[in-house]
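# Sharing a sequence plus its predicted fold:
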Amino acid sequence: MTERSTSDAGAAMSPPAPPHPPPPPEAEGAAGAAVAAADAPEPESGSKAEFEGGSDPEGASESEDASESEPAPGYATPIEAFEALYASCATPLVQQAYLLTGRRRLSREAVERAFHLAWQHWPEVATDADPGGWVRAAAHDYALSPWHRFRRVHRHPDHPPADPGLRALLLALLDLPPSYRRTLLLYDGLGLDLPETAAETQASTPAAASRLVHAREAVVARVPELAAAATPEALSELLRARIGALAAAEPGKAARLPGAGGVRYRGERRIQVWTRAAVALTAAVAGATAFTVSTAPTHYIPPVAPGQRVEGVPLNSGPQRVTEEHMELHRKLLNEPVHGPERLVPEFR
């Protein structure tokens, strides 16, 4: 995505950020070129109120010529460049994430997490040809993650807008598969060309074109007012206008974003917490390993064989067990040997 498309998207979905003071002459221009969209001028009131904020082709060519002739503004520190990128892209990204998910809280969470990753990989983002596209891809990936369906707070979408047309459009977008929804937003909503859309959605160009065609058909079937477009170009322009109106339907909801400093601090704090957790887990594994090694036997101990029944050996036999009755009879014979009939008394000779 070029610098023109990034600046157009930021100018349409939210008021442009106030211009930054001119940087010192010795400041590097790499980070400034990464966030040149923040200083884009506000479009005139007579221009089209589109989601992408694009103007007529003649004005676009003039702006491109001017951007090529003038040097890009630079920033003295990475913090200034990060804050400028956040100021220009945060609110538009929240609106885009809301169109992808229908959940305002998840949209803000996705954008904040994307900027956490951007600050964590800031050298890569600052030298990227399109820093805004880098953050947008991270925010869209997080917003469309299938794991959010298992979170109770994000299980059901928020209430749609009160306008019937916008409500029908939002419900039609949410009924699309995530890949179709993202392709339609990038191509018709943001104005990216087909190769850029395919690259950002990690698909081939024919696959992206097929997704776009099927997504348009499904949305037109759900929103009858879009069927008035006679050509694909007219349908694309009408979709862009309707998607822009849907994104700007509730601007106050998307304005609850923390400052760039708070986002940067929370990102650093998150990295510290995960680093300490990883160190603690590594120490626990090392301690358990050391304890196992110290208590393990140093030689082989054969296991005791389980008992088996021996065949062919007779049972242990012997005198029967003496019962109480036998003992009683034995005592009686010993105590009274001469009593009873005389024929039973033995004679000792």
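Received, thanks. Predicted model, so just to flag it, every value in this text is computed and none were measured.
# could you give the mean pLDDT of the helix ranked longest in the chain?
In the chain, assigned by DSSP state H, the helix with the most residues is helix 260-295. Mean per-residue pLDDT for helix 260-295: 90.
# Next: stretch 155-170.
Averaging pLDDT along stretch 155-170 gives 80.
# Same question for that stretch: list its buried residues.
Neighbour-count burial for stretch 155-170 flags Asp158, Pro160, Pro161, Leu166, Ala168, Leu169, Leu170 (criterion: 16 or more other CB atoms under 10 Å). All C-beta atoms are positioned from the backbone trio N, CA, C, and that covers glycine.
# Among these, which one lies nearest to Arg270?
For the buried residues of stretch 155-170, the closest approach to Arg270 (CB to CB) belongs to Asp158, at 25.7 Å.
# so who does that closest one touch?
Gly102, Arg103, Arg104, Arg105 (CB atoms under 8 Å, 6 or more residues apart in numbering).
# Buried ones among those residues?
The neighbour count (16+ other CB under 10 Å) marks Gly102, Arg103, Arg104 as buried among the contacts of Asp158.
# Looking at those residues, which one is closest to Val310?
When the buried ones among the contacts of Asp158 are ranked by distance to Val310 (CB to CB), Arg103 comes first, at 73.8 Å.
# residues contacting the closest one?
Shown in contact with Arg103 (CB under 8 Å, 6+ apart): His154, Pro157, Asp158.
# on that earlier part again, can you flag which of the buried ones among the contacts of Asp158 belong to helices?
Per DSSP H, helices hold the following members of the buried ones among the contacts of Asp158: Arg104.
# Could you say which helix or strand holds the residue nearest to Asp188 when sequence neighbours are not counted?
Leaving out its chain neighbours, the residue that sits closest to Asp188 by CB to CB, 6 or more residues apart in numbering is Leu239, at 4.2 Å. Per DSSP states H and E, Leu239 falls inside helix 232-247.
# so what's Val111 up against?
For Val111, the contacting residues are Ala90, Leu93, Val94, Ala97, Ala139, Leu257, by CB under 8 Å, 6+ apart.
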